[in-house]
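Q: coords below, sequence missing:
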């Protein structure tokens, strides 16, 4: 199963996937390319470290969504990589119908909350401010509605009495780093 990772930031979840791949823990999945909408994103440096092609794709003309010429460039890049699975790992753009249609049923996202609770930006902070007793993370299919696709798998992270937002965030991120590679591995086995 050929995997393309899309990300906008430092790439900690992409790194977890690539570490799992290097350790032989990604099942029949293989990351074949990393794409970023930010030319200076940390995620791009992972390509060199792990021997995976990593490319900036110009998302213009929009700043927060993927539409128009930028969307076309991303579709072209993912198609050129012959991706069986597109993994959003901190990709901070709203996907539109053309991209979703091009890879229907083959796009997953990792979100830092137990969806359907706390969708959108800052899921961990939302849970913290709401006084949730349990936080966590979710891998789900991507649909037009943000963070509303079919849930594939979740991991809960209890909020401890002595937690701060920072300690809770660190524990949720650690759970994300275990969950996402495990889900990719299972999906790769299911498609064999």
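A: Structure's in. What do you need? These figures come from a predicted structure and were not determined experimentally.

Q: pLDDT value on residue 22, please?
A: As predicted, residue 22 sits at a pLDDT of 96.

Q: contacting residues for the closest residue to it other than its chain neighbours?
A: Using C-beta to C-beta, 6 or more residues apart in numbering and skipping residues adjacent in sequence, the residue nearest residue 22 is residue 50, 6.6 Å away. All C-beta atoms are positioned from the backbone trio N, CA, C, and that covers glycine. Counting by C-beta atoms under 8 Å, 6 or more residues apart in numbering, residue 50 makes contact with 18, 21-22, 31.

Q: give me the low-pLDDT residue ranges for this protein?
A: Scanning the chain for pLDDT under 70 picks out the ranges 191-192.

Q: State which helix of it is the longest.
A: Ordering each helix of the chain by length in residues (DSSP state H) puts helix 165-190 first.

Q: ok, back up a step: make a markdown table out of the contacts of residue 50 and add neighbour count.
A: A markdown table is the format used below for these (neighbours: other C-beta atoms under 10 Å):
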| residue | neighbour count |
| --- | --- |
| 18 | 22 |
| 21 | 21 |
| 22 | 12 |
| 31 | 27 |
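
Q: Okay, and which of those map to helices?
A: Counting by DSSP H, the members of those that fall within helices are 18, 21-22.

Q: where exactly do the strands run in the chain?
A: In order along the chain, the chain carries the following strands (DSSP state E): 2-7, 30-36, 53-56, 65-66, 85-88, 94-95, 107-111, 134-141, 151-158.

Q: Burial-wise, tell me which of the ones you listed comes out on top.
A: Of these, the one with the most neighbours on average (mean count of other C-beta atoms under 10 Å) is strand 2-7, at a mean of 25.

Q: Which residues outside it are in contact with it?
A: Outside strand 2-7, the residues that touch it by C-beta under 8 Å, 6+ apart are 13-14, 17, 29-37, 41, 43, 74, 77-78, 81-91, 184.

Q: please redo it, this time with the cut-off set to 6 Å
A: The set of residues external to strand 2-7 that reach it, using C-beta atoms under 6 Å, 6 or more residues apart in numbering, is 14, 29, 31-36, 43, 78, 81-91.
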